[in-house]
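# turn this into a model:
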Amino acid sequence: MNPARSNLTALVCSGAALLLLCSYTPGARIPVCGFHWLTGRPCLLCGLTRGLFQIAKGHWAAGTGYHALSPLVLLAILAIFVGNLWPPLQRIPVPAILRKYAWPCSAGLFLGYGVGRAFFMNSTTSFFN
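A predicted model of the protein is given here:
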């Protein structure tokens, strides 16, 4: 895929995600994930979608209550959207250390948070209320 088409695809997808987050309100009960269904514990991403919907509407406490890392995901979506909307931002050089460690650090953060939440949180707490 050529870079211009790739940037356009990223722009359209991130813009659609932002519009959806700001305009749609999910029901009180979104079907649980397979991991939660099998174990009764939240997976690494449980609550992330509802957290993003809440934060996009300005309800920060509710959003971080669903998933504490949802502001970081919203920031990533916004960065992709703005970066593809305004081409001069694409010419800003990304430091090599950031390029090398951003994804592994993000994955580690989600993994650490998910494991901590799944195994050290009170098991009577429901994530789907």
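# how about the helices in this protein?
3-23, 34-39, 48-56, 60-66, 70-85, 96-120 (DSSP state H).
# what's the angle from the first one to helix 48-56?
Helix 3-23 runs at 80 degrees relative to helix 48-56, counting by axes from the mean of the first three to the mean of the last three Cα atoms, to 10 degrees.
# the fifth one too?
Here the directions of helix 70-85 and helix 48-56 differ by 70 degrees (the same axes, to 10 degrees).
# so who does residue 55 touch?
63, 64, 70, 71, 74 (Cβ atoms under 8 Å, 6 or more residues apart in numbering). Heads up, the C-betas are built off the backbone N, CA and C, glycines and all.
# ok, it to residue 9 distance?
25 Å (Cβ to Cβ, to the nearest Å).
# so where's the chain shaky on pLDDT?
By pLDDT under 70, the low-scoring segments of the chain are 1, 3-4, 24-32, 122-129.
# surely residue 52 meets residue 74?
Yes - under the criterion of Cβ atoms under 8 Å, residue 52 makes contact with residue 74 at 5.7 Å.
# quick one, which of the two is more surrounded?
With neighbours defined as other Cβ atoms under 10 Å, residue 52 and residue 74 compare such that residue 52 has more, 23 against 20.
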